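Trainee: Below are the sequence and a predicted model for it; my questions follow.
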Amino acid sequence: MKHAFTLAEVLITLGIIGIVAAMTLPALIANHQKNVTIAHLQKVYTILNQALNLSQLQNGEYKYWEDSLNLGAEKYFEIYFKPYFKDPKICKTYKECGYKSITPWTARTNGTDKTSTLTCVNLPLRVSIILTDGTFVAISTAAGTTANKDNNIYVDLNGPKNPNRYGRDFFQFTRTEKNGVQPYGYDLEKSEIDRLCASTGSTCAAKIIGDSWQIKDDYPYF
């Protein structure tokens, strides 16, 4: 005599499967997003350092390069970086970069996400490019006014696509004389890196790299 599942048993089984899926799927999706972010962050970190290293082979050590403030952002980029990126697309307006606003990113301030004042394009101060894989990169020479030197490099891993948020797809790096391109805040104590990552998102690349290229449970943006 053949035995078969009753309709009630089938429905109960499907219900259990659905509950288990509902419980595990968000974690699986989150882990996948973390892995994608880490892989992309590693890639752009490598691209930036390769460009700097290749430029040093042609133009001498970074510490002896012409002053970026004196050259201006466009000339500085043309000499020291453009030849060492593969087909960079320079964008001079936020629309050319694909963004819907000149200030597209949100950052955490006092526990609340607010629109950052950082503009995605500002030619007197920095050159903004889109790499062949869609990554947005802005190489800065000055901040605030042209009298304030700025060695930062701003990166949006997926360009204008959401979430456009500090610590999630937007990260900061900086050019150094001895250590190449490093995550912003790399030289701070770990406690300070963690604090700034949680409070502003500015040092989140440093946190991920300092945690051995992992997004751990205490990471505030996943």
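Mentor: Thanks, I have it.
Trainee: Just confirm Gly185 is within a strand.
Mentor: No: checked against DSSP: H, G, I helix; E, B strand; the rest coil, Gly185 lies outside a strand; its state is coil.
Trainee: any idea of the pLDDT on it?
Mentor: With respect to pLDDT, Gly185 scores 98.
Trainee: for it, phi and psi?
Mentor: Note on Gly185: its backbone torsions stand at phi 90, psi 10 [degrees, to the nearest 10].
Trainee: Contact partners for it?
Mentor: Going by CB atoms under 8 Å, 6 or more residues apart in numbering, Gly185 touches 172, 192-193, 196, 202-203, 206. Yep, even glycine has a C-beta here, placed from its N, CA and C like the rest.
Trainee: Kindly recompute the last result at 6 Å.
Mentor: Going by CB atoms under 6 Å, 6 or more residues apart in numbering, Gly185 touches 193, 203, 206.
Trainee: And for Tyr84?
Mentor: 51, 54-55.
Trainee: Ok, Tyr166 next?
Mentor: Going by CB under 6 Å, 6+ apart, the list of residues near Tyr166 reads 107, 201.
Trainee: What are the boundaries of the strands in this protein?
Mentor: In the chain, the strands defined using DSSP state E lie at 89-90, 106-109, 112-115, 126-130, 136-140, 142-143, 145-149, 152-156, 170-176, 180-183.
Trainee: Least confident of those strands, on average?
Mentor: strand 145-149 - the lowest mean pLDDT of the strands of the chain, at a mean of 81.
Trainee: what lines up beside it in the sheet?
Mentor: strand 142-143 (antiparallel) (DSSP bridges).
Trainee: Not counting its own residues, what contacts the strand it pairs with?
Mentor: Taking CB under 6 Å, 6+ apart as the rule, strand 142-143 contacts 69, 125, 148, 150.
Trainee: what would those residues look like in TSV with neighbour count and distance to Asp218?
Mentor: Converted to TSV, the contacts of strand 142-143 look like this (neighbours: other CB atoms under 10 Å; distance: CB to CB, whole Å):
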residue	neighbour count	distance to Asp218
Leu69	15	38
Leu125	19	34
Asn148	11	33
Asp150	19	30
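Trainee: between the residues you listed, which is nearest Tyr99?
Mentor: Leu125 (16.8 Å; CB to CB).
Trainee: ok now do the closest one, which residues does it touch?
Mentor: Ala142.
Trainee: Go ahead and measure how far stretch 110-122 is from the middle of the chain.
Mentor: 14 Å (CA atoms, centre = their mean, to the nearest Å).
Trainee: Mind listing what's buried along that stretch?
Mentor: Buried residues in stretch 110-122, counting neighbours by 16 or more other CB atoms under 10 Å, are found at 116, 118-122.
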